[in-house]
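Visitor: heads up, no residue letters with this:
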């Protein structure tokens with residue numbers, strides 16, 4: 001672990017944060033320099049930088065991001081909610097960013113950080129925390145792949161799922 005990690009300090013309650021969700025493995029808190037109102041960061045409580053350093057933990061962080069996304073939709077009523085995983089040189093700690101998108105906004109990647117006050121952050125955090133969201137507890141089955149044309153090496157269902165997922169994202 002690096003000498004100083006802001007997200008680890010938030011997890012350990014050494015730094016004040018506007019926490020909107022927390023479970024055994026994840027913590028979700030408002031970004032203090034948001035690109036949209038209600039922008040939230042979901043981070044694992046354990047320190048690691050890349051998602052594949054701890055797949056089990058990363059899975060729970062992704063699930064927490066889904067819950068927080070639903071909470072934001074109900075609490076703030078954006079047009080949609082976007083998710084991103086962008087490696088950060090500023091805070092080298094794996095995290096997922098959840099961006100509420102509102103009408104007449106410019107694309108989030110072009111937005112500059114918004115000026116906000118502690119009171120505004122507190123009000124938004126309280127709105128989000130007040131929402132209760134249930135997520136299904138069942139596992140999502142991996143898609144079955146039957147490619148009879150392929151002569152290459154066989155791939156597991158999980159490998160095929162991530163390959164397809166990556167191609168959908170790009």
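Guide: Sure thing, it's come through. For clarity, every value in this text was computed on a predicted model and none was experimentally measured.

Visitor: Quick one: name whatever helix or strand follows the longest helix along the chain.
Guide: Ranked by number of residues, the top helix in the chain under DSSP state H is helix 55-76. Heading C-terminal from helix 55-76, the first helix or strand you meet, by DSSP states H and E, is strand 80-84.

Visitor: where exactly do the helices run in this structure?
Guide: With DSSP H, the ranges of helices along the chain come out as 6-11, 55-76, 118-129, 157-169.

Visitor: what's around the residue nearest to residue 98 when sequence neighbours are not counted, how many residues?
Guide: Excluding the flanking residues, the one nearest residue 98 by Cβ to Cβ, 6 or more residues apart in numbering is residue 40, at 4.5 Å. Every C-beta, even on glycine, is put in place using the N, C-alpha and C of the backbone. For residue 40, the count of nearby residues is 28 (other Cβ atoms under 10 Å).

Visitor: what's the answer for residue 23, then?
Guide: 13.

Visitor: Skipping its backbone neighbours, what lies nearest it in space?
Guide: residue 64 (6.1 Å).

Visitor: That neighbour reaches residue 20, doesn't it?
Guide: No: assessed by Cβ atoms under 8 Å, residue 64 is found out of contact with residue 20, at 10.4 Å.

Visitor: Find residues that contact each of these two.
Guide: residue 28 (Cβ atoms under 8 Å, 6 or more residues apart in numbering).

Visitor: of the two, who's got more company?
Guide: residue 20 (27 against 23).

Visitor: So which residue is smack in the middle of this protein?
Guide: residue 96 (2.9 Å; Cα atoms, centre = their mean).

Visitor: Could I get the pLDDT score of it?
Guide: For residue 96, the model assigns a pLDDT of 95.

Visitor: Now render the helices of the chain as a markdown table, adding distance to residue 33 and mean pLDDT.
Guide: Conversion of these to a markdown table gives the following (distance: least, Cβ to Cβ, whole Å; pLDDT from 0 to 100):
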| stretch | distance to residue 33 | mean pLDDT |
| --- | --- | --- |
| helix 6-11 | 12 | 93 |
| helix 55-76 | 17 | 94 |
| helix 118-129 | 10 | 86 |
| helix 157-169 | 25 | 60 |
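
Visitor: So this protein: which segments form each domain?
Guide: 6-129, 142-170 (automatic domain parsing).

Visitor: what's the most buried one of those?
Guide: Among the domains of the chain, domain 6-129 has the highest mean neighbour count (mean count of other Cβ atoms under 10 Å), at a mean of 17.

Visitor: What is the end-to-end distance of that one?
Guide: In domain 6-129, first residue to last residue: 22 Å (Cα to Cα, to the nearest Å).

Visitor: That's all I had, so thanks and see you.
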